[in-house]
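K.L.:
A predicted structure for the sequence below; I have some questions about it.
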Amino acid sequence: EDDAEADVDFLSSIDICLVARSDVLLMQNWDHVNSILDSLNQQPKKIADIDFSRVRNYFLEGQGAHWRQTIMVSQFTDPHILSTFRRHAKNIEGQLKIRQKVPADDASICDVMVRVKQVFQRVACQAVSEAGANRLRYFSEHVLPKLVRLKQKHTLIYVPSYFDFLAVRNLLLKRDADFVSVTEYARVSEVSRGRARFLQGRKSIMLYTGRAHFFLRHKIKGARHLIFFGLPEYSEFYPAVVNMLNEGLSSMEDFDGDGDISRMPMSCLSLFTKFDAHQLARVVGTSHTERMIKGEKSSYMFCS
């Protein structure tokens, strides 16, 4: 509802706020979570039915947020969740954050079963607000021209954020690229038609959103080249998408008759910035992440 008309008096005396499965809420609309937390412990607008003798003094003084215990539980650490926690966890006893370090042997990259060289490219970025624009600029100046020049087909581009998807889609439209999109908002008929054209090689590029994979778990067939525009939030998504390479292409000829596609070389490229340390740690491990974020080199390769 409109903030001016919303009745949030029933949230004025919250003592304990538990945000469970924050990672799942993040896959929907995190602005709703921020909006609800903003509405907690406000002074009530209607006082006709209030027995003030039963109201604690700190609520009457407008200090309820400083006595409230805010608990946020998530499967992984994410900058959006941390930002919300720092903003709304105002308890007078302070804040406590617990996160798990990921050993290299437990990193999700160990679950990749396809033999492919996985290149991680660090994109220069000075502010977290510029991360998406800087990745798009790098993709536009270094990655897309190569795809166009080589006329590379069977290229799957995984885009974790829907806002980044819109930016990449508009860029491809501007460059007259031959592509299809699979999103969480597309109709089933559109998805089926796009997947078939991509498998047959009639469309060179497929854009695949992270939320589409979260909700629908498509098994994309026809990919020989994979580009992660950003690293997935869920670590298990990385090997799941990489293992799709060469799926459905065994002994299959291209739509244009270019020969057996399964014999063509495969590639995997992941773009990241220094602000993607949490996602990167879940994929390659904490120790590798520190070296990749702070190292002099900007490109790192892992072989499976």
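P.N.:
Happy to help now that I have it. Keep in mind it's a predicted model, so treat the numbers as computed, not measured.
K.L.:
mind jotting down where the helices sit in the stretch 1-150 of the chain?
P.N.:
With DSSP state H, counting those that start in this stretch as the criterion, the stretch 1-150 of the chain has helices at 22-26, 30-38, 57-60, 64-67, 79-88, 131-138, 144-150.
K.L.:
can you list these in JSON lines and add distance to Val168?
P.N.:
All C-beta atoms are positioned from the backbone trio N, CA, C, and that covers glycine. Output for the helices of the stretch 1-150 of the chain, formatted as JSON lines (distance: least, C-beta to C-beta, whole Å):
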{"stretch": "helix 22-26", "distance to Val168": "20"}
{"stretch": "helix 30-38", "distance to Val168": "21"}
{"stretch": "helix 57-60", "distance to Val168": "48"}
{"stretch": "helix 64-67", "distance to Val168": "39"}
{"stretch": "helix 79-88", "distance to Val168": "20"}
{"stretch": "helix 131-138", "distance to Val168": "7"}
{"stretch": "helix 144-150", "distance to Val168": "9"}
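K.L.:
and these: which comes nearest Phe237?
P.N.:
helix 22-26 (11.9 Å; C-beta to C-beta).
K.L.:
now for that closest one, which elements pack on it?
P.N.:
helix 30-38, helix 79-88 (3 or more C-beta pairs under 8 Å, 6 or more residues apart in numbering; DSSP states H and E).
K.L.:
just the angle between the last one and helix 131-138, please?
P.N.:
Going by axes from the mean of the first three to the mean of the last three C-alpha atoms, to 10 degrees, helix 79-88 is angled at 150 degrees with respect to helix 131-138.
K.L.:
and for the shortest one?
P.N.:
Interaxial angle of helix 30-38 relative to helix 131-138 (the same axes, to 10 degrees): 160 degrees.
K.L.:
change the start of the numbering to 31 and stick with it
P.N.:
Okay, residue one is now 31; in that scheme the one you just asked about reads as helix 60-68.
K.L.:
output helix 60-68 as PDB, nothing but the C-alphas.
P.N.:
Listed in PDB are the C-alpha atoms of helix 60-68, where the atom choice follows Å, rounded to 0.1, in the frame of the first residue of the first chain:
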ATOM      1  CA  TRP A  60      14.000  -7.700  -1.400                       C
ATOM      2  CA  ASP A  61      12.500  -4.300  -1.400                       C
ATOM      3  CA  HIS A  62       9.400  -5.700   0.300                       C
ATOM      4  CA  VAL A  63      11.600  -7.000   3.100                       C
ATOM      5  CA  ASN A  64      13.100  -3.500   3.600                       C
ATOM      6  CA  SER A  65       9.700  -1.900   3.500                       C
ATOM      7  CA  ILE A  66       8.400  -4.200   6.200                       C
ATOM      8  CA  LEU A  67      11.400  -3.600   8.400                       C
ATOM      9  CA  ASP A  68      11.100   0.100   7.900                       C
END
